[in-house]
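S.K.: can't give you the sequence, but here's the structure:
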């Protein structure tokens with residue numbers, strides 16, 4: 001059963017701000033992960049609507065993102081690999097010739113990277129904007145010449161997740177003075193305003209990149225997880241949850257797509273839980289719609305999120321979701337009880353309950369999947385692009 005409204009193409013934006021140069025600046029230009037995927041998605045979207053785009057990263061990553069095709073916009077990495085980490089000359093290091101040489105070389109490489117960044121931004125035409133997608137690049141931008149661009153800072157994680165880690169200090173040091181500081185939901189923006197007194201905050205959701213022409217038939221007995229195999233994504237908690245579900249659903253499989261530094265530890269955990277016969281490790285995938293087409297339920301077990309693209313893609317494929325309510329972005333995407341089921345963050349019993357409900361009720365899966373496919377279109381590229389155009393017009397005033 002597929003809701004007819006899901007096949008409608010969203011209307012084009014109603015207003016244009018006119019072509020302007022847009023620089024998208026992040027940690028890397030090519031790292032496997034949601035922020036890099038978002039960067040190239042937005043670069044393609046801005047280019048299709050006439051804006052010249054330049055994607056800039058601090059360095060080239062080892063674990064690469066696969067793009068759908070060669071980019072038709074410039075892509076620049078300031079370093080060929082991760083830049084040297086600062087090692088303060090304190091204590092015995094002050095007297096070490098090797099330490100002093102390391103620091104001189106690090107600073108020289110950084111000065112060269114800053115000069116290269118300044119040279120790129122010096123070519124900006126009037127009205128140009130630089131969107132800093134992650135806070136770390138501000139370490140270079142603070143030293144670069146940014147006089148020809150409007151600076152827009154972004155966070156792709158929730159207020160609570162930033163507040164609990166080292167990036168909170170970086171945000172407080174770097175973002176109060178940019179032209180606009182964007183977070184993913186109004187709830188997060190309100191927290192930054194009321195709890196930290198930041199007055200330049202706005203909200204900008206991620207955009208749904210693709211609406212598959214045909215939704216999942218929801219006939220396969222597969223629960224799908226897609227994400228990096230890293231602590232933030234909580235795959236360890238997912239395995240513990242699946243250990244509660246699997247005895248009740250012996251004919252269902254948990255299909256885990258992703259790669260990352262925790263892969264070996266997670267596979268060992270899977271074996272120790274006795275789940276090898278019901279868990280499939282499928283590695284990274286460059287064809288998310290195909291992976292979702294074989295799933296009937298999507299699960300997200302993250303410890304922290306921003307505005308997860310994988311969750312939106314699952315809903316666009318008509319696959320109902322069970323997820324930890326770990327961030328405002330998750331509960332803004334999923335309407336709990338209407339088009340998906342949310343569980344309290346970290347509550348394994350509750351997440352297992354949601355999975356048991358969805359895997360045990362075909363009618364519930366179909367009803368929520370059809371609603372999800374319709375509802376998620378409020379985050380279409382056309383609608384989100386218009387919000388960006390409105391922001392650009394605001395910055396021109």
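M.R.: Great, that's in hand. The structure displayed is predicted, hence computed values, not measured ones. Numbering: from 1, shown residues only.

S.K.: buried residues in the helix ranked longest in the chain?
M.R.: Ordering each helix of the chain by length in residues (DSSP state H) puts helix 97-121 first. For helix 97-121, a neighbour-count test (16 or more other Cβ atoms under 10 Å) marks 99, 102-103, 110, 113-114, 116-118, 120-121 as buried. In this view, the C-beta of every residue, glycine as well, is placed from N, C-alpha and C.

S.K.: again, but for stretch 32-51
M.R.: 32-46, 49, 51.

S.K.: Wait, residue 202 touches residue 387, no?
M.R.: No: applying Cβ atoms under 8 Å, one finds residue 202 not in contact with residue 387, separated by 9.3 Å.

S.K.: so residue 210, which of the three states?
M.R.: Assigned by DSSP: H, G, I helix; E, B strand; the rest coil, the conformation of residue 210 is coil.

S.K.: Could you check the pLDDT of it?
M.R.: Residue 210 is assigned 86 on the pLDDT scale.

S.K.: Repeat that for the one 10 residues further on.
M.R.: We note a pLDDT of 94 for residue 220 in this prediction.

S.K.: Pull the number of nearby residues for it.
M.R.: 16 (other Cβ atoms under 10 Å).

S.K.: before we move on, what about residue 59?
M.R.: The tally of other residues near residue 59 (other Cβ under 10 Å) stands at 18.

S.K.: Please apply the same query to the one 3 residues further on.
M.R.: For residue 62, the count of nearby residues is 11 (other Cβ under 10 Å).

S.K.: so is it in a helix, a strand, or just coil?
M.R.: coil.

S.K.: Excluding sequence neighbours, find me the nearest residue to it.
M.R.: Among residues not flanking residue 62 along the chain, residue 81 sits closest, at 7.8 Å (Cβ to Cβ, 6 or more residues apart in numbering).

S.K.: residue boundaries of the strands in the protein?
M.R.: In the chain, the segments counted as strands under DSSP state E are 22-28, 53-59, 75-79, 129-132, 150-154, 180-183, 201-203, 222-226, 253-257, 279-283, 297-300, 321-324, 340-343.

S.K.: any chance of those strands in CSV, with distance to residue 376 too?
M.R.: Output for the strands of the chain, formatted as CSV (distance: least, Cβ to Cβ, whole Å):
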stretch, distance to residue 376
strand 22-28, 24
strand 53-59, 25
strand 75-79, 29
strand 129-132, 24
strand 150-154, 21
strand 180-183, 20
strand 201-203, 17
strand 222-226, 15
strand 253-257, 19
strand 279-283, 24
strand 297-300, 12
strand 321-324, 10
strand 340-343, 10
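
S.K.: Of all those strands, which one is nearest residue 237?
M.R.: strand 321-324 (7.9 Å; Cβ to Cβ).

S.K.: What pairs with that closest one, parallel or antiparallel?
M.R.: Next to strand 321-324 in the sheet, as set by DSSP bridges, lie strand 297-300 (parallel), strand 340-343 (parallel).

S.K.: gap between residue 352 and residue 109?
M.R.: The gap separating residue 352 from residue 109 is 50 Å, by Cβ to Cβ, to the nearest Å.

S.K.: if I look at residue 276, how far off is residue 246?
M.R.: Counting by Cβ to Cβ, the gap from residue 276 to residue 246 is 11 Å.

S.K.: Which of these two has more residues huddled nearby?
M.R.: Per other Cβ under 10 Å, whichever of residue 276 and residue 246 has more neighbours is residue 246, with 20 against 12.

S.K.: Unless I'm misreading it, the more buried one sits right up against residue 278, doesn't it?
M.R.: Yes: here residue 246 lies in contact with residue 278, judged by Cβ under 8 Å, at a distance of 4.8 Å.

S.K.: shared neighbours, those two?
M.R.: Shared contacts of residue 246 and residue 278 (Cβ atoms under 8 Å, 6 or more residues apart in numbering): 252, 254.

S.K.: just to revisit the earlier point, now do the same contact list for the residue nearest to residue 62.
M.R.: Contacts of residue 81 (Cβ under 8 Å, 6+ apart): 59-60, 62.

S.K.: cool, residue 34 as well?
M.R.: Residue 34 touches 156, 306, 308-310, counting by Cβ under 8 Å, 6+ apart.

S.K.: From those residues, which land in helices?
M.R.: Per DSSP H, the subset of the contacts of residue 34 in helices is 309-310.

S.K.: Could you dump the contacts of residue 34 into CSV and include neighbour count?
M.R.: Shown next, in CSV, are those (neighbours: other Cβ atoms under 10 Å):
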residue, neighbour count
156, 24
306, 26
308, 26
309, 23
310, 24
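
S.K.: which one in the protein is furthest away from the centre?
M.R.: residue 95 (43.5 Å; Cα atoms, centre = their mean).

S.K.: For residue 106, see how far away that one is.
M.R.: 18 Å.

S.K.: Format the buried residues of helix 97-121 as JSON lines; extra columns: pLDDT and distance to residue 271.
M.R.: Below are the buried residues of helix 97-121 laid out as JSON lines (pLDDT from 0 to 100; distance: Cβ to Cβ, whole Å):
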{"residue": "99", "pLDDT": "92", "distance to residue 271": "44"}
{"residue": "102", "pLDDT": "94", "distance to residue 271": "42"}
{"residue": "103", "pLDDT": "93", "distance to residue 271": "45"}
{"residue": "110", "pLDDT": "97", "distance to residue 271": "44"}
{"residue": "113", "pLDDT": "98", "distance to residue 271": "44"}
{"residue": "114", "pLDDT": "98", "distance to residue 271": "48"}
{"residue": "116", "pLDDT": "98", "distance to residue 271": "47"}
{"residue": "117", "pLDDT": "98", "distance to residue 271": "47"}
{"residue": "118", "pLDDT": "98", "distance to residue 271": "52"}
{"residue": "120", "pLDDT": "98", "distance to residue 271": "49"}
{"residue": "121", "pLDDT": "98", "distance to residue 271": "51"}
